[in-house]
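**Q** give me coordinates for this.
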Amino acid sequence: MIRNGKSRAISLLLVLGIAALGAQVAGVGASRPGSRPPVPKRLASLPGASIPDVGSTTLGSTLIQAAEGETIQLKAKAMVAAATLPRAAGAAVVCGIRYSRAGDASWTLGTPYENVVLAKRGARDTVSIDRSFTAPAKDTYRASMACHVSSPASAKVTATGSITTVRGLPAGAATPIT
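**A** Next comes the predicted model:
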């Protein structure tokens, strides 16, 4: 039996509809697991602490294997927002990069950090920090973006953040003479 054009069109639409339903059930076309927006974390309150330390809230972390003499760039970003503040007071927030070397716990080049003040409830700010270093030895290097509320202790501030590493010199940097 030969089908007519109308019957073929209906059959095709039915097959496409079933395929589309199957794709939706299987999750085809859905967003990837890592593509959800990050959930803001409430920042720790460390009254008077001027640089990020162990008590600061970690917003993102990474590690990289580097060879001796290899240049590593650290690029960190945090978005901070004041949830609640005491009357007539702003919140002082400190964000920075903490980094270390697995083979030498005492190795450091300081802690690059930025201070921001959120003047009123709902205020937002973005902190971006870039730092480069030359690996002193072949080792694993860890880095994290961390923030905390420095004052007042009663302020509630939330944040999201990330940190990435890039091998090599930044664009436009002068090549060191060895």
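**Q** can we go C-alpha only for contacts and neighbour counts from here?
**A** Fine.
**Q** just the terminal-to-terminal distance for stretch 41-52.
**A** Distance across stretch 41-52, first residue to last, is 16 Å (C-alpha to C-alpha, to the nearest Å).
**Q** now it: buried residues?
**A** 42-46, 49-52 (16 or more other C-alpha atoms under 10 Å).
**Q** mind checking which of the residues you listed are in strands?
**A** Secondary structure assignment by DSSP state E places 42, 44-45 of the buried residues of stretch 41-52 in strands.
**Q** who's the closest residue to Tyr99 other than its chain neighbours bridged to?
**A** Nearest non-adjacent residue to Tyr99, counting by C-alpha to C-alpha, 6 or more residues apart in numbering: Ala143, 4.1 Å away. For Ala143, the beta-bridge partners are Thr62, Tyr99 (DSSP bridges).
**Q** for Ala143, report the pLDDT, please.
**A** pLDDT for Ala143: 93.
**Q** next one: Pro86
**A** Checking the pLDDT column for Pro86, the value is 85.
**Q** could you check how far it is from Ala153?
**A** 10 Å.
**Q** keeping just the C-alphas, turn whichever strand or helix holds Ile163 into CSV.
**A** Mapping Ile163 onto the secondary structure by DSSP states H and E places it in strand 156-167. Extracted in CSV, the C-alpha atoms of strand 156-167 (Å, rounded to 0.1, in the frame of the first residue of the first chain):
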residue,chain,number,x,y,z
LYS,A,156,26.7,40.3,56.7
VAL,A,157,28.4,40.2,53.4
THR,A,158,28.2,37.5,50.7
ALA,A,159,30.5,36.8,47.8
THR,A,160,31.3,34.6,44.8
GLY,A,161,34.7,34.2,43.3
SER,A,162,37.1,32.3,41.2
ILE,A,163,40.8,31.9,40.5
THR,A,164,42.6,30.6,37.4
THR,A,165,46.2,30.0,36.4
VAL,A,166,47.9,30.7,33.1
ARG,A,167,51.4,29.6,32.1
